[in-house]
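In: task: produce atomic coordinates for the following.
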Amino acid sequence: MTNKDLPLGEIVLRKYEKPYDGNEREIIKKISLSLGLLQPGDSRDIIIELLRVLITNQRTKKVMSSEELCKEVIKLRETEGLMMRGIAESNIRRQLKRLQDMMIIDKKDNTYHLSEHETLKEIFANKYERFLIPQTIERIKEYLEKI
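Out: Okay, the predicted model is just below:
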């Protein structure tokens, strides 16, 4: 594969049923699935607890290092009796990098927080709806015009 064949970006969007009732974890799981952070049937769902911690921190504008985030994720999983798959700090850092690449979080001085301390709803509106999706659609239209 040449560099010309590598995508400049990728957007995964999935539509699920309306969010009626559900606990915070279930709602964040659907958000993760909807944005392609999690694949359907994935048993390695550490991204859910990571987002839960980041969302909680956003409310008070708290920032944390990857080590601190890892400890909080472990606490959450223990509290809820969840399996401890994917809790290695190296995996947490990998997930943080994915979130950073997707413009969902920012890293500053080895600490992490939701992008610009915004809510996930604001991040989606500002980064995806107004920026990524229109640019991607425009590029597809350019290819369609060429044909």
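In: residue ranges for the helices of this protein, please.
Out: All helices of the chain, identified by DSSP state H, fall at 24-34, 46-60, 66-79, 89-101, 120-123, 133-146.
In: okay, the ones you listed in CSV with distance to H113, mean neighbour count and mean pLDDT next?
Out: Yep, even glycine has a C-beta here, placed from its N, CA and C like the rest. Shown next, in CSV, are the helices of the chain (distance: least, Cβ to Cβ, whole Å; neighbours: other Cβ atoms under 10 Å; pLDDT from 0 to 100):
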stretch, distance to H113, mean neighbour count, mean pLDDT
helix 24-34, 16, 17, 95
helix 46-60, 6, 20, 96
helix 66-79, 10, 17, 95
helix 89-101, 11, 16, 94
helix 120-123, 11, 14, 97
helix 133-146, 24, 10, 96
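In: contacting residues around the residue nearest the centre of the chain?
Out: Centroid check for the chain by Cα atoms, centre = their mean gives L99 as the closest residue, at 4.6 Å. Applying Cβ atoms under 8 Å, 6 or more residues apart in numbering, we find L99 in contact with 37, 47, 50-51, 54, 105, 112.
In: the same query, at a cut-off of 6 Å, please.
Out: The contact partners of L99, taken as Cβ atoms under 6 Å, 6 or more residues apart in numbering, are I105.
In: from I47, how far out is it?
Out: 8 Å (Cβ to Cβ, to the nearest Å).
In: repeat that for L114.
Out: 14 Å.
In: one more: T119?
Out: Counting by Cβ to Cβ, the gap from T119 to I47 is 18 Å.
In: on that earlier part again, redo the helices of the chain as JSON lines? Include distance to V12.
Out: Formatted as JSON lines, these follow (distance: least, Cβ to Cβ, whole Å):
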{"stretch": "helix 24-34", "distance to V12": "9"}
{"stretch": "helix 46-60", "distance to V12": "13"}
{"stretch": "helix 66-79", "distance to V12": "23"}
{"stretch": "helix 89-101", "distance to V12": "12"}
{"stretch": "helix 120-123", "distance to V12": "16"}
{"stretch": "helix 133-146", "distance to V12": "11"}
